[in-house]
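Asks: Got a sequence here, can you build the structure:
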Amino acid sequence: YVVSTMDIRVEPLPEPIPPTTPYTICDDNQDGFADFILSTLEADILGGEVYTITFHETLTNAQQGTNALSTTAYT
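Replies: Numbering: from 1, shown residues only. The predicted structure is shown next:
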């Protein structure tokens, strides 16, 4: 057998950065609806890290990875 040394580096789990200001959209035609472009939030949430983000309406959907919302036009 051979005895050797090896350096092991453990990287911490990524921590998303929650937005510090509310994400607001104006309803410019007063019909009660507006499109949210959720993908515009990703860069700030990730803080430069490269990961995949999905958005869900419920915690259960997020935990199960089902019914992800569109990040280009969520009304």
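Asks: lowest confidence element among the helices and strands of the protein?
Replies: Taking mean pLDDT, DSSP states H and E as the measure, helix 42-46 is the helix or strand of the chain with the lowest mean score, a mean of 79.
Asks: outside of it, which residues touch it?
Replies: For helix 42-46, contacts defined as C-beta atoms under 8 Å, 6 or more residues apart in numbering pick out 14, 16, 17, 18, 19, 53, 71. Glycine gets a C-beta too; all of them are placed from N, C-alpha and C.
Asks: Where does pLDDT dip in the protein?
Replies: For the chain, the stretches with pLDDT under 70 are 74-75.
Asks: what ranges do the strands span in it?
Replies: For the chain, no strands are identified by DSSP state E.
Asks: so how far is stretch 51-65 off the chain centroid?
Replies: How far stretch 51-65 lies from its chain's middle: 9 Å, per C-alpha atoms, centre = their mean, to the nearest Å.
Asks: Show which residues not belonging to it make contact with it.
Replies: Contact partners of stretch 51-65, identified using C-beta under 8 Å, 6+ apart, comprise 14, 16, 38, 42, 45, 46, 66, 67, 68, 69, 71, 74.
Asks: hmm, back to that, how distant is the least confident helix or strand of the chain from the center of its chain?
Replies: 7 Å.
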